[in-house]
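Novice: Sharing a model that was predicted from the sequence below.
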Amino acid sequence: MKNWFMLSLIGLDQPNIVARLGAGLCKNGCNLGDSSMVRLGNYFTIMLMIEHEGGKGSLETVITSICEPLKLNTHLVELEDGTQHHCEPDVRISLFADDRMGIVEDATTPLAQAGLNILHLESNIGEAGESPGTYYIHLEGTVSNGLDTLYEILEKLEKEKGIKSHLIPINAQIT
C-alpha cells in the first residue's frame, strides 16, 4: 500500500539540493507530488509531498541518507487521508505598503473574514536602503463569498491601513 507524506526541509542554500533530493527519493521508489521550494535569506526551504510504498520509518531512513550530507533539517508527517489534493486558486492578490510590524495580520485577517482561503502566500521587503522599505505580499486563494466582498475589504485596507492592492480573478467562474 502506498502512503502520502509531507516533508519539510531547511538548511543553508547550496548547489544541488533539489537535484540530489529528487534523485535520491526517486531511486528509492518515491513518487513526488506538490512542492514549494524557495530561498529565504541564506536558507533554502522545501515542502514536498511524497508517495512511498513503505511506512514512515522506512521513508525517514531514505530521507536521512540524502539530507544528512547536505546538512538539512527535516520534518516528516504522514498524511492522515493518505493522499494529496491539489486545489486551484480563484484569485491572485498583490498587496504593498510601507513596512511595519503587523502588516501581514492587518491584511490577511480581514481577507479571511471575507471568505478568502489563502492557498499560497509569499512576502518580501523591497530594495535595501529604502526607509521604510516597501513590504510586498503576493497571495493566491479560493473565494467563498464572491469578489465584491474582497474588493470592499481591499478598499477598506487602503483607506484604513495604507495597504494598496491589485486583485486578479484567475477563475472565470468566480463573480
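Specialist: Done, it's in.
Novice: Can you point out the buried residues in stretch 45-59?
Specialist: For stretch 45-59, the neighbour count (16 or more other Cβ atoms under 10 Å) marks Thr45, Ile46, Leu48, Met49, Ile50, Glu51, His52, Gly54, Leu59 as buried. Yep, even glycine has a C-beta here, placed from its N, CA and C like the rest.
Novice: Those residues: which two are farthest apart?
Specialist: Using Cβ to Cβ, the pair of these lying farthest apart is Thr45 and Gly54, separated by 25.3 Å.
Novice: how about the strands in this structure?
Specialist: Using DSSP state E, the strands of the chain run over 3-12, 31-40, 43-52, 73-78, 91-98, 116-125, 134-143, 164-169.
Novice: now those in TSV, with distance to Glu158 and mean pLDDT?
Specialist: What follows is the strands of the chain, written out as TSV (distance: least, Cβ to Cβ, whole Å; pLDDT from 0 to 100):
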stretch	distance to Glu158	mean pLDDT
strand 3-12	35	96
strand 31-40	28	91
strand 43-52	31	95
strand 73-78	38	96
strand 91-98	9	95
strand 116-125	16	90
strand 134-143	14	93
strand 164-169	6	96
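Novice: any idea of the mean pLDDT for the longest helix belonging to the chain?
Specialist: Within the chain, and with DSSP state H defining each element, the longest helix by residue count is helix 147-161. What helix 147-161 shows for mean pLDDT is 96.
Novice: so what secondary structure elements neighbour that helix?
Specialist: Secondary-structure packing of helix 147-161 (3 or more Cβ pairs under 8 Å, 6 or more residues apart in numbering; DSSP states H and E): strand 91-98, helix 103-113, strand 164-169.
Novice: wait, which of those is closest to Thr142?
Specialist: Taking Cβ to Cβ as the criterion, strand 91-98 is the member of these that comes nearest to Thr142, at 8.0 Å.
Novice: and the angle for that closest one with strand 164-169?
Specialist: Between strand 91-98 and strand 164-169, the angle formed by their directions is 170 degrees, by axes from the mean of the first three to the mean of the last three Cα atoms, to 10 degrees.
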